[in-house]
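Novice: Turn this into a model:
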Amino acid sequence: PLRAIEAVEFGLSAGFDEAIDNETRLCAECLDSEESKALISLFFAERQTRFAPGLPMDTGVQTLSRVGVLGAGAMGRGIATAALDADLQVRLVDAKLAATEQAAGSIARSYTRSVERGRVDEATAAKRQSNLLVSNEIADLSDCDLVIEAVFEDMAVKQSVFATLDKVCRGDALLASNTSGLDLDQIARATSRPGDVIGLHFFNPANIMKLLEVVRGAASTDIAVATGVDFARRLGKLPIVSRVGPNFIANRVFDYYFRQAEFLVEEGADPEAVDEALEDWGMAMGPFAVVDLSGLDVSHAIRQEYQTGHPKGTVFPAAEDELFVASRLGQKSGAGWYRYQPGSFKRERDPEIAKMMHAYRLRRGFTPRSIGREEIVQRCLLALINEAANVLMEGIAGRASDIDIASVYGYGFPRRRGGPIFQADMRGTAAVLAEIEKLHEVHGYWWRPSPLLLQLGADNTPFSQFKPNLPKTGAQT
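Specialist: Reported below is the predicted structural model:
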């Protein structure tokens with residue numbers, strides 16, 4: 001757009017031929033730019049999401065007209081709204097009657113706002129709301145074609161829920177979990193029909209965010225997975241298919257991004273400087289602003305789970321624990337990495353953070369150093385790329401481009417940068433490997449080069465040419 005303005009402005013005072021020559025030059029610069037290549041790459045990546053990797057092209061899908069949502073919290077309400085917006089009938093169920101009533105009121109208010117803002121007309125809003133039934137009786141899910149569980153992220157709770165759904169729901173109904181990272185196979189084993197169980201991991205707010213991870217369990221049938229992808233597209237989402245693995249695709253790769261940001265603060269960077277550097281590079285929000293938005297209590301619980309699977313004695317960043325202990329939980333408490341005025345979500349620098357980090361570094365024996373913007377961006381991006389390589393190598397992601405979709409639509413990675421996989425291919429896997437090996441020498445464990453990156457970097461093979469070795473699919477019917 002800026003080049004278009006430049007061309008018009010030049011043309012106001014130049015002759016026609018000279019102006020056309022200038023415009024041709026500017027157009028060629030745009031076409032050859034990183035931004036152009038990134039957007040073209042993302043264009044094709046988006047279109048690939050129509051098809052689940054590893055599934056025959058002619059795989060059928062089940063017809064869905066009535067969708068059940070179990071759990072009327074914020075996520076459940078968002079999922080229900082997304083289904084209503086797709087003109088589906090919805091049964092929203094919660095054991096607590098007050099929760100269902102609150103959810104119905106919240107959904108009604110959201111449609112009122114949509115009408116006021118001209119997004120839908122009154123007739124459409126009324127029709128969609130008429131398709132909603134709220135209840136505190138789980139038996140009301142018995143006639144649903146698909147039931148999505150959106151309850152507390154606890155394995156025992158989810159297994160109990162699925163054992164009940166197995167008895168209540170029709171024999172041909174699909175059962176889906178909105179888990180953000182628990183083992184779907186364990187959840188499916190609580191039922192007598194693990195082939196009909198898939199994951200549908202929505203991102204909050206579920207009716208707004210375009211990314212939807214369709215999780216394939218070891219027993220999930222091709223038809224179940226294909227139906228999940230079709231359902232996601234019907235909701236206007238971009239589906240990416242993930243195999244079962246800790247935190248699936250998006251949350252897993254971005255865990256390494258967030259962890260690296262915290263390591264940078266431990267070494268001397270201000271959290272505000274980290275956020276500003278990454279936002280200036282193009283991220284929608286810096287990592288510490290994101291944590292404040294989601295809540296430090298949530299990230300604290302996640303960090304406890306992430307410590308499994310690593311060697312004994314592994315050093316984890318722990319600066320954020322200082323804030324959690326001090327009850328600085330982010331926007332919800334008025335203070336986290338930033339301070340927030342009552343009723344405002346505008347972040348403000350808090351001098352108290354500098355004091356807390358100074359004391360923390362002294363206690364942990366860190367000698368703070370000055371860290372530039374380029375190092376901040378490089379380390380966070382390279383951490384993303386290295387773990388993305390592991391996700392591909394393990395077959396958790398079935399396509400390299402799906403990781404770019406996950407990054408752009410799940411975590412605000414800038415579209416004009418294409419995604420971490422695009423960035424790696426643009427820079428060259430050999431150059432990326434060399435940088436990661438340098439970081440490994442300095443910082444140790446967390447920078448072990450992915451075996452796949454070692455393989456591709458040896459002869460500078462792009463990630464886009466790598467075809468993951470996907471496990472065999474489940475039953476066909």
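Novice: so how many other residues sit close to D58?
Specialist: Neighbourhood size, D58 [other CB atoms under 10 Å]: 6. (C-beta placed from N, C-alpha, C; glycine too.)
Novice: err, A95, not the other one
Specialist: Close neighbours of A95, defined as other CB under 10 Å, add up to 13.
Novice: can I assume it is in contact with N136?
Specialist: Yes - with contact defined as CB atoms under 8 Å, A95 reaches N136; the gap is 5.9 Å.
Novice: What sits closest to E375 if chain neighbours are left out?
Specialist: Once flanking residues are discounted, E375 sits nearest to L264: 7.9 Å by CB to CB, 6 or more residues apart in numbering.
Novice: need the strands for the stretch 101-250 of the chain, in chain order.
Specialist: For the stretch 101-250 of the chain, applying DSSP state E, counting those that start in this stretch gives strands covering 132-135, 146-149, 174-177, 197-202, 211-216, 238-243.
Novice: Can you list the strands that the second one pairs with?
Specialist: For strand 146-149, sheet partners with direction are given as strand 66-70 (parallel), strand 174-177 (parallel), following DSSP bridges.
Novice: what do you get for the first one?
Specialist: Applying DSSP bridges, strand 132-135 is found paired with strand 89-93 (parallel).
Novice: Using CSV, write out every CA atom in the partner strand.
Specialist: This file holds the C-alpha atoms of strand 89-93, laid out as CSV (Å, rounded to 0.1, in the frame of the first residue of the first chain):
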residue,chain,number,x,y,z
GLN,A,89,-28.6,-26.5,16.2
VAL,A,90,-26.8,-26.4,19.5
ARG,A,91,-27.3,-28.1,22.8
LEU,A,92,-25.3,-26.3,25.5
VAL,A,93,-25.2,-28.4,28.7
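Novice: all helices for the stretch 51-200 of the chain, in order.
Specialist: Assigned by DSSP state H, counting those that start in this stretch, the helices in the stretch 51-200 of the chain fall at 74-85, 97-116, 122-130, 155-168, 184-188.
Novice: For the fourth one, the averaged confidence score.
Specialist: The pLDDT scores in helix 155-168 average 96.
Novice: List the buried residues in it.
Specialist: Judged by neighbour count using 16 or more other CB atoms under 10 Å, the buried positions of helix 155-168 are 158-159, 161-162, 165-166, 168.
Novice: Equivalent analysis for the second one, please.
Specialist: Of the residues in helix 97-116, those scored as buried under the neighbour-count criterion (16+ other CB under 10 Å) are 99-100, 102-104, 107, 110-111, 114.
Novice: just checking, what packs against it?
Specialist: helix 74-85, strand 89-93, helix 122-130, strand 132-135 (3 or more CB pairs under 8 Å, 6 or more residues apart in numbering; DSSP states H and E).
Novice: If we use 6 Å, what do you get?
Specialist: Secondary-structure packing of helix 97-116 (3 or more CB pairs under 6 Å, 6 or more residues apart in numbering; DSSP states H and E): helix 74-85, helix 122-130.
Novice: Run the chain-centre distance for the last one.
Specialist: By that I understand helix 122-130. Here helix 122-130 is found 30 Å from its chain centre; the criterion is CA atoms, centre = their mean, to the nearest Å.
Novice: now stretch 345-359
Specialist: Distance of stretch 345-359 from the chain centroid (CA atoms, centre = their mean) equals 27 Å.
Novice: Other residues contacting it?
Specialist: Applying CB atoms under 6 Å, 6 or more residues apart in numbering, the contact partners of stretch 345-359 are 272, 322, 331, 338-339.
Novice: farthest-separated two in those?
Specialist: Using CB to CB, the two most remote members of the contacts of stretch 345-359 are E322 and Q331, lying 18.2 Å apart.
Novice: Would you mind measuring from D402 to L42?
Specialist: 12 Å (CB to CB, to the nearest Å).
Novice: the more surrounded of these two?
Specialist: Neighbours per residue (other CB under 10 Å) separate D402 from L42, with D402 holding more: 29 against 22.
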